[in-house]
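# here you go, sequence then predicted model.
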Amino acid sequence: MRSIRNLLLLLLMTCVSASSGAAALHPGGDSVISGVGVVAPDGSICQGMAVVVSAEGRIVAVIPADQTDPAMVQMTAPEGSVITPGLHDLLGSLGATGELTAGTVLIDSELRAAAAFDPTDPRLEDAARHGILHTTIAARPTGLLNGTTATFLCKSGGRGEQLAEGMPYYALAETALDSSREPTSRAAMVAMWKDWLANSDKSEQIPGILYCPDAIDLRQSLEVGWSELPVMVHSGDARSPVDRLAGREAMLIVGPFPEGGDSAPVRTAVWAAQVGVELAFSGGLPAAPADHLRTSAAIAVAAGLDADAARRALFSNPARACGATEIGVIEPGARADLVLFSADPLDPAATVIQVWRGGERMRVAAPGVVSDLEVPE
């Protein structure tokens with residue numbers, strides 16, 4: 001029933017494009033990737049579909065494959081393959097120059113992670129060959145407000161293509177404590193947070209991304225008085241009060257989950273999802289291997305995470321977390337940043353067949369493969 005419902009959803013989303021017939025699907029610039037499973041915005045996979053891409057690198061429509069004009073087909077996908085939005089590395093330093101640091105300023109609203117982006121970084125191309133097409137970088141969370149994040153296309157050479165305005169990057173964690181300035185204690189840090197939320201101009205309190213990795217960080221974050229919860233970066237353990245996020249439209253950035261690593265953060269993520277919290281996976285690039293995003297997703301699914309929720313955590317939710325409205329989904333008007341996998345990307349054996357950045361195909365010389373997983377018990 002869910003597949004049928006999501007097929008109808010995709011058809012409704014594309015009805016304006018499809019209803020214009022020859023005007024929308026003319027051979028003068030549009031091209032079609034046909035016969036493929038498509039990851040829908042809710043994370044489900046709709047089979048037997050085709051994605052229509054304009055010459056400007058935008059998605060025009062998502063329609064049943066049998067409704068396409070054969071003359072427009074750029075590629076007929078192999079049987080069983082699945083097309084997805086680009087994978088997204090959240091809050092690593094892929095493409096960043098040196099170490100992004102907020103310095104000694106406790107509340108630094110001027111720091112712009114975008115200024116530290118290096119479009120010549122060759123690791124951007126390596127990530128893209130593994131299907132990672134977007135990178136969101138941020139300063140180290142050493143203050144309460146650590147400037148703003150920045151989201152870029154993973155492409156080396158030329159000028160960096162920024163895909164979203166920065167989000168405020170906050171911290172309520174041990175990393176914000178400093179013996180050379182306030183706060184020097186956790187109690188003082190929490191008091192500063194409460195004072196800022198109670199007395200600062202409300203226009204400054206933009207819900208952004210909050211670094212609160214430990215159980216005590218999350219607990220205190222929920223007690224300081226947010227009018228609207230930020231996206232929370234949280235690893236956690238068995239003591240994490242994620243049940244208190246139920247019904248609050250919360251999102252957690254979790255991972256990466258290393259093979260054979262501590263099982264507690266995995267269980268915390270699965271528990272959070274079971275009470276209705278949306279997840280987004282962090283890959284930890286470039287320090288971590290390029291397959292860490294898919295590895296984290298596969299480990300979480302093996303531990304009990306719903307597969308649709310895992311795909312949302314790989315694609316649509318990272319885009320939401322960083323405020324990028326034109327990536328992370330395959331729907332009309334979105335950028336055609338696409339990755340064709342040989343199978344469901346949650347399958348460790350799936351390989352990258354083809355990659356498109358803004359509708360432009362790139363050569364994939366060495367497809368990324370996730371190795372057999374050692375799942376935490």
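On my side now, so go ahead. Quantities reported herein were computed from a predicted structural model and do not represent experimental measurements.

# what about dumping the CA coordinates of stretch 151-160 to CSV?
Provided in CSV are the C-alpha atoms of stretch 151-160 (Å, rounded to 0.1, in the frame of the first residue of the first chain):
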residue,chain,number,x,y,z
THR,A,151,26.7,23.8,2.0
PHE,A,152,28.5,23.2,-1.3
LEU,A,153,28.4,20.9,-4.4
CYS,A,154,31.2,18.3,-4.3
LYS,A,155,33.0,19.4,-7.4
SER,A,156,36.7,20.3,-7.8
GLY,A,157,38.0,23.2,-9.9
GLY,A,158,36.5,26.6,-10.7
ARG,A,159,34.5,28.5,-8.1
GLY,A,160,32.7,26.7,-5.3
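
# quick one: buried residues of stretch 129-136?
129, 130, 131, 132, 133, 134, 135, 136 (16 or more other C-beta atoms under 10 Å). (Each C-beta comes from the backbone N, C-alpha and C, glycine too.)

# tabulate those in a markdown table, adding columns for distance to residue 77, pLDDT and secondary structure.
Listed next are the buried residues of stretch 129-136 as a markdown table, based on distance: C-beta to C-beta, whole Å; pLDDT from 0 to 100; DSSP: H, G, I helix; E, B strand; the rest coil:
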| residue | distance to residue 77 | pLDDT | secondary structure |
| --- | --- | --- | --- |
| 129 | 18 | 93 | helix |
| 130 | 19 | 94 | coil |
| 131 | 15 | 96 | coil |
| 132 | 20 | 97 | strand |
| 133 | 18 | 97 | strand |
| 134 | 22 | 97 | strand |
| 135 | 26 | 96 | strand |
| 136 | 29 | 96 | strand |
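
# pLDDT value on the residue of the chain most remote from its centre, please?
Distance from the centre of the chain peaks at residue 180, with 35.3 Å (C-alpha atoms, centre = their mean). Residue 180 carries a pLDDT value of 84.

# least trustworthy helix or strand in the protein by mean pLDDT?
Here the helix or strand of the chain ranked lowest by mean pLDDT, DSSP states H and E is helix 15-19, holding a mean of 35.

# adjacent strands (with direction) for the very next helix or strand once past that one?
Later in the chain than helix 15-19, the nearest helix or strand by DSSP states H and E is strand 31-39. With DSSP bridges as the test, strand 31-39 is paired with strand 45-53 (antiparallel), strand 73-76 (parallel), strand 82-85 (parallel).

# could you measure the nearest residue to residue 265 once chain neighbours are set aside against residue 253, distance?
Closest residue to residue 265 apart from its sequence neighbours, by C-beta to C-beta, 6 or more residues apart in numbering: residue 235 at 4.5 Å. Noted for residue 235: a distance of 10 Å to residue 253, by C-beta to C-beta, to the nearest Å.
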